[in-house]
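Novice: Only the shape, not the letters, is given here:
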């Protein structure tokens with residue numbers, strides 16, 4: 001059984017209100033209702049095995065969003081927001097067949113029992129604009145993940161990776177941003193984010209997974225971005241540097257250690273020319 005077919009349909013509707021409560025206070029609120037229907041069927045393409053494995057995810061969810069903005073000066077605001085978002089499994093994560101990952105050459109198998117993860121988000125932000133594109137901002141955020149999806153390596157003679165829902169996870173973070181225009185043509189921007197992440201396992205996972213206290217898989221503690229953009233007429237040159245700190249790429253099980261993806265930086269140089 002090394003093939004699958006998948007279908008998914010999303011039907012949704014939303015409503016939103018943008019209300020100026022006073023000259024200095026603004027409220028943006030709304031909700032989205034979404035019906036999601038996903039089916040993945042794994043089968044043998046050659047007909048040697050009659051058995052099929054079917055995975056389904058059928059959910060009707062409401063995703064509210066509230067954003068409150070309070071001006072505290074001529075050029076600064078305080079923002080407080082709440083929203084619900086989600087993370088759905090991909091077809092291949094649900095397809096219960098074994099394939100070889102291109103990166104690392106590891107055997108990977110889907111999990112037909114995966115469920116979607118719901119995420120509650122709370123954010124607070126102070127921002128100040130000092131003209132042109134100049135900005136200074138500081139943010140604090142909290143995220144609660146219900147049934148987050150992680151990639152787990154099951155240790156054996158031939159280790160295999162699969163995907164599992166954990167019980168829940170919590171992320172608490174701080175973010176700082178600054179952007180400044182130098183002269184008429186140069187703009188520099190920098191952003192740093194710190195995330196403290198902690199996951200809680202299901203009871204049956206606590207007897208299997210190696211690390212009982214750890215961060216959410218794929219979550220780095222430190223992230224940093226800096227960019228510079230030089231614009232002359234319609235031509236611009238942009239230099240971007242991005243750093244992502246160490247993070248768990250594969251969760252260890254059966255006494256195998258967690259696999260850590262080392263922090264790395266990437267550098268990009270982009271040229272663009274405006275056309276009429």
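Specialist: Done, it's in. Quantities reported herein were computed from a predicted structural model and do not represent experimental measurements.

Novice: Just say helix, strand or coil for residue 144.
Specialist: strand (DSSP: H, G, I helix; E, B strand; the rest coil).

Novice: Now do it: how many residues are near it, please.
Specialist: 15 (other CB atoms under 10 Å). In short, each C-beta sits where N, CA and C put it, glycine included.

Novice: Equivalent analysis for the one 3 residues further on, please.
Specialist: Summarising burial for residue 147: neighbours were counted as other CB under 10 Å, giving 18.

Novice: quick one: the helices in the stretch 51-200 of the chain?
Specialist: Per DSSP state H, counting those that start in this stretch, the stretch 51-200 of the chain carries helices over the ranges 91-94.

Novice: Quick one: the strands in it, in order.
Specialist: 53-71, 76-87, 98-100, 107-109, 117-129, 135-146, 149-154, 160-165, 168-182, 186-200 (DSSP state E, counting those that start in this stretch).

Novice: Nearest to residue 259, out of those?
Specialist: Closest approach to residue 259 among the strands of the stretch 51-200 of the chain is made by strand 149-154 (6.5 Å; CB to CB).

Novice: Direction included, what does that closest one pair up with?
Specialist: Counting by DSSP bridges, the strands paired with strand 149-154 are strand 160-165 (antiparallel), strand 247-252 (parallel).

Novice: most packed of those strands?
Specialist: Neighbour counts (mean count of other CB atoms under 10 Å) averaged over each of the strands paired with strand 149-154 peak at strand 247-252, with a mean of 22.

Novice: which other residues reach it?
Specialist: By CB atoms under 8 Å, 6 or more residues apart in numbering, the residues outside strand 247-252 that reach it are 150-153, 155, 161, 209-211, 214-221, 258-261, 263.

Novice: which among the residues you listed end up buried?
Specialist: 150-153, 161, 209-210, 214-221, 258-259 (16 or more other CB atoms under 10 Å).

Novice: just to revisit the earlier point, now the strands paired with strand 149-154 in CSV, with mean pLDDT and distance to residue 105?
Specialist: Listed next are the strands paired with strand 149-154 as CSV, based on pLDDT from 0 to 100; distance: least, CB to CB, whole Å:
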stretch, mean pLDDT, distance to residue 105
strand 160-165, 93, 11
strand 247-252, 93, 13
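
Novice: what bits of the stretch 1-150 of the chain have low per-residue confidence?
Specialist: For the stretch 1-150 of the chain, the stretches flagged by pLDDT under 70 are 1, 47-50.

Novice: Kindly present the strands paired with strand 149-154 as a markdown table, with separate columns for distance to residue 240.
Specialist: Converted to a markdown table, the strands paired with strand 149-154 look like this (distance: least, CB to CB, whole Å):
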| stretch | distance to residue 240 |
| --- | --- |
| strand 160-165 | 31 |
| strand 247-252 | 20 |
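
Novice: closest one to residue 77 among these?
Specialist: Comparing the strands paired with strand 149-154 by CB to CB, strand 247-252 comes nearest, at 32.1 Å.

Novice: need the next SSE after that closest one, C-terminal direction.
Specialist: strand 259-261 (DSSP states H and E).

Novice: what sits up against that next one?
Specialist: Contacts of strand 259-261 (CB under 8 Å, 6+ apart): 153, 246, 247, 248, 249, 250, 252.

Novice: Could you give the average pLDDT over it?
Specialist: Mean pLDDT, computed over strand 259-261, is 92.

Novice: Return the distance of the closest residue to residue 231 other than its chain neighbours relative to residue 256.
Specialist: Once flanking residues are discounted, residue 231 sits nearest to residue 185: 5.2 Å by CB to CB, 6 or more residues apart in numbering. Using CB to CB, to the nearest Å, residue 185 is found at 53 Å from residue 256.
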